[in-house]
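# turn this into a structure:
(chains A and B)
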Amino acid sequence: MSHEHVSNTKRIWFVFGLLSAVTTVEVILGIIKPASLEFTHFIGLNLLNWIFYILTIFKAYYIVWAFMHMEGEKSSLRWSVVSPVIFLVLYLLFILLTEGHYIYGVFKDSTIKWNF
Amino acid sequence: MEATVTTANNEKTWGGGHDVQPLGASYGKMMMWFFIVSDALTFSGFLAAYGFSRFKFIETWPLADEVFTHFPFMHGVSAPMYYVALMTFILIFSSVTMVLAVDAGHQLKKTKVAIYMFLTIIGGIIFVGSQAWEWKNFIKGEYGAVETVGGSLLQFVDKDGKRVALADFAVRLPNQPEELTRAKAKWFMESAETVPTYSVADIQAGFKAHPELLIRTEHLTAEKKKTVLSREESEARLNTAKYVVEGANLTRNEYGSKLFADFFFFITGFHGFHVISGIIINIIIFFNVLLGTYEKRRSYEMVEKVGLYWHFVDLVWVFVFTVFYLV
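Next comes the predicted model:
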């Protein structure tokens, strides 16, 4: 076991504060939707959505590392859990989003009127 | 075999050789991690499929801010985001109590573990209840819409672009189609779908009688708003109406793209199912804690394992929240 039997409550509450703060920022941005962020595009996404995704991954990192205590595990366990997920998710997203975009083009440019 | 049986000198670590311990975790914990990997990939598949459909219909996808606008005890107030933000906080907080239970377990403090487990269960129940309320509003709908023969959805707005509910303008024509139910001894010809409150003819007549009304299509403009047609165009579009849509089901919904409701039901439903099973597992472990099972073992590792599952449920919600409500 890699855990020392000491209390981690301080860190737990710190991470809770962090996750709450990030969620609050997300909600505020989601309600205001600043036009300067929403209508500026950067590699296929607008800046607002980039911020949302980055904050989501930031939260996910803290949930896995602090709450699920990944930081206390051996690096072999860490890598064998995290790396397949990251690789397969990126692969899946790449394939499906590319195809979705392609089908959008097919519908848009086709001579068949399909949804009117 | 040694993996499944807890033997005297190799109790906690996966049998990879006594001094090797490749992953440094017990068999149960390691398997929980790999279950989480596969479950994470399942959810990724769902969310990626949602992304696929959204990219496919990128110009007509519903706006989340217009769909999820309800807050308890605030009728008629459009409050997007607040309710789901509250749900997110509830789930994060139940994650915190879970990790506090695990922490207390490391110190073998039975009462503390039990209290924190109990709070976690309560948090989970509140979350599932909130989700049920969200579903209820989603299924019931607010304004109603009509669907055209071509499958696109038309919503109604006034001159200022504010949404107008069907009930506010539809007229009741005679010769209404009657819903066929068992109660009226018509079991042999029961309607496949519930008959909407108004017929297409009611809506068309009501629209003619209210010249201030306009039709809003699903198409998004460059400003990410829905397109509002002129009065002439609106009348022409309404002539192609085929169904009246109220609320949402798996076939059609008043918010827009049919797939939107399908994915909403499927993904939040699958997540809700995980929450429910998490609550049940937590309850079992809670009673084991009370009975002193882990006290006798001198190890609260079971609490840690269900904790992993519970945090995973929270983790999935973080992504569902972003994908469905923010982006």
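# tell me which element residue 36 is part of?
No chain specified, so I'll use chain A. Secondary structure assignment for residue A:36, by DSSP states H and E: helix A:35-38.
# I was after chain B.
Per DSSP H and E: helix B:27-56 holds residue B:36.
# give me the mean pLDDT for that helix.
For helix B:27-56, mean pLDDT is 93.
# so what does it touch, helix or strand wise?
helix A:75-109, helix B:258-263, helix B:269-291, helix B:301-321 (3 or more CB pairs under 8 Å, 6 or more residues apart in numbering or on different chains; DSSP states H and E). (Each C-beta comes from the backbone N, C-alpha and C, glycine too.)
# on that earlier part again, list the buried residues of the helix holding residue A:36.
By neighbour count on 16 or more other CB atoms under 10 Å in any protein chain shown, the buried set for helix A:35-38 is A:37-38.
# can you tell me if the helix or strand just after that helix touches chain B.
Sequence order places strand A:41-42 as the next helix or strand after helix A:35-38, per DSSP H and E. No. Taking CB under 8 Å from any CB of the partner chain as the criterion, strand A:41-42 and chain B are apart, separated by no less than 11.9 Å.
# what count of nearby residues applies to residue A:16?
Residues near residue A:16, counting by other CB atoms under 10 Å in any protein chain shown, number 21.
# so it sits against residue B:91, correct?
No. If you go by CB atoms under 8 Å, residue A:16 and residue B:91 don't touch, sitting 11.9 Å apart.
# any idea how chain A splits into domains?
Per automatic domain parsing, the structural domains of chain A span A:1-73, A:74-116.
# which one of those is the most hemmed in?
domain A:1-73 (a mean of 16; mean count of other CB atoms under 10 Å in any protein chain shown).
# read off the pLDDT value for the residue lying closest to residue B:197 once chain neighbours are set aside.
The shortest distance from residue B:197 to any non-neighbouring residue, by CB to CB, 6 or more residues apart in numbering or on different chains, is to residue B:246 (6.5 Å). Note on residue B:246: pLDDT of 90.
# got the contact list for residue B:246?
B:141, B:144, B:166, B:196-197, B:254 (CB atoms under 8 Å, 6 or more residues apart in numbering or on different chains).
# leaving out chain neighbours, which residue sits closest to residue A:81?
Nearest to residue A:81 is residue B:33, by CB to CB, 6+ apart, at 5.1 Å.
# where does chain A dip in pLDDT?
Scanning chain A for pLDDT under 70 picks out A:1-7, A:114, A:116.
# now chain B
For chain B, the ranges with pLDDT under 70 are B:1-20, B:76, B:175-193.
# quick one: the helices in it?
Under the criterion DSSP state H, chain B contains helices at B:27-56, B:64-67, B:82-106, B:110-140, B:200-209, B:231-238, B:258-263, B:269-291, B:293-297, B:301-321.
# reformat those helices as TSV; add mean neighbour count.
As requested, those are arranged in TSV below (neighbours: other CB atoms under 10 Å in any protein chain shown):
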stretch	mean neighbour count
helix B:27-56	18
helix B:64-67	19
helix B:82-106	23
helix B:110-140	18
helix B:200-209	18
helix B:231-238	15
helix B:258-263	20
helix B:269-291	17
helix B:293-297	14
helix B:301-321	23
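# any chance of TSV for those, columns distance to residue A:54?
Formatted as TSV, the helices of chain B follow (distance: least, CB to CB, whole Å):
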stretch	distance to residue A:54
helix B:27-56	16
helix B:64-67	19
helix B:82-106	17
helix B:110-140	25
helix B:200-209	45
helix B:231-238	41
helix B:258-263	23
helix B:269-291	22
helix B:293-297	39
helix B:301-321	13
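# what about the longest strand in chain B?
strand B:214-220 (DSSP state E).
# residues in contact with that strand?
B:59-63, B:152-159, B:161, B:163, B:226-231, B:233-234, B:237-238, B:256-257.
# just stretch B:60-74 next, same as before
Against stretch B:60-74 from outside (CB under 8 Å, 6+ apart): A:30, A:115, B:54, B:77-84, B:133-134, B:137-138, B:142, B:152, B:163, B:218-220, B:224, B:226, B:255-257, B:260, B:324-326.
# list the contacts of the helix holding residue A:36.
By CB under 8 Å, 6+ apart, helix A:35-38 touches A:29, A:46-48, A:51, B:224.
# residue B:229 reaches residue B:238, doesn't it?
No. The criterion here is CB under 8 Å, and residue B:229 misses it with residue B:238 at 9.6 Å.
# what is the end-to-end distance of stretch B:290-307?
By CA to CA, to the nearest Å, the extent of stretch B:290-307 from end to end equals 17 Å.
# pull the residues that contact that stretch.
Taking CB under 8 Å, 6+ apart as the rule, stretch B:290-307 contacts A:67-69, B:12, B:26, B:28-29, B:32, B:98-99, B:101-102, B:104-106, B:108, B:110, B:113-114, B:117, B:278, B:281-282, B:285, B:288-289.
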